[in-house]
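> need a 3D model of the following:
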Amino acid sequence: MRKLDLKEIEGLLATVVKKIDGAPNRVRYTMNSFVIAVGSYVKPLIKQAKATAMKIGVVTVEMGETACKVPLALEYIEKAEASGKVGVKKKTIRC
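Here you go, the predicted structure:
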């Protein structure tokens, strides 16, 4: 089993902070989702993910005339942390 490269993930979190404001819509949405994923599933980096989420704040993405909303990364991470789900692997995958 391969281990995660935590230094690389930390570098990617730093890249999110630097580049999210100038990124295209889809990339901003994906960067926000990446921060949520790191905070929810990579237990050793939860503090860094929460710090990144606080720095990026509310991410705005133009989604046309849909009811879709961009999730707040810090809220999602804190919710996972409160429920004790940080670092817990999912047993099933849904596409």
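
> tell me where the chain has strands.
Assigned by DSSP state E, the strands in the chain number zero.

> look up the closest residue to the spatially most central residue of the chain, ignoring the ones flanking it.
Centroid-nearest residue in the chain: residue 35, 1.8 Å away (criterion: C-alpha atoms, centre = their mean). Using C-beta to C-beta, 6 or more residues apart in numbering and skipping residues adjacent in sequence, the residue nearest residue 35 is residue 73, 4.4 Å away. (Each C-beta comes from the backbone N, C-alpha and C, glycine too.)

> and that neighbour, how many neighbours does it have?
Look at residue 73: counted by other C-beta atoms under 10 Å, it has 29 neighbours.

> one more: residue 28?
By the criterion of other C-beta under 10 Å, residue 28 has 21 neighbours.

> hmm, back to that, quick one: pLDDT of the residue nearest to residue 35?
Turning to residue 73, the model gives it a pLDDT of 94.

> now the helices for the chain?
Using DSSP state H, the helices of the chain run over 6-19, 25-41, 46-56, 73-82.

> now distance to residue 63 too, for these, in JSON lines please.
Formatted as JSON lines, the helices of the chain follow (distance: least, C-beta to C-beta, whole Å):
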{"stretch": "helix 6-19", "distance to residue 63": "20"}
{"stretch": "helix 25-41", "distance to residue 63": "8"}
{"stretch": "helix 46-56", "distance to residue 63": "18"}
{"stretch": "helix 73-82", "distance to residue 63": "17"}
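
> residues touching the nearest residue to residue 29 once chain neighbours are set aside, list them.
Using C-beta to C-beta, 6+ apart and skipping residues adjacent in sequence, the residue nearest residue 29 is residue 61, 4.8 Å away. When contacts are counted by C-beta atoms under 8 Å, 6 or more residues apart in numbering, residue 61 touches 25, 26, 28, 29, 70.

> how about this protein, which residue sits the furthest from its center?
Distance to the chain centre peaks in the chain at residue 65, reaching 24.5 Å (criterion: C-alpha atoms, centre = their mean).

> can you pull the phi/psi pair for it?
Main-chain dihedrals, residue 65, degrees, to the nearest 10: phi -100, psi 40.

> next one: it from residue 90, what distance?
In this view, residue 65 and residue 90 are 33 Å apart by C-beta to C-beta, to the nearest Å.
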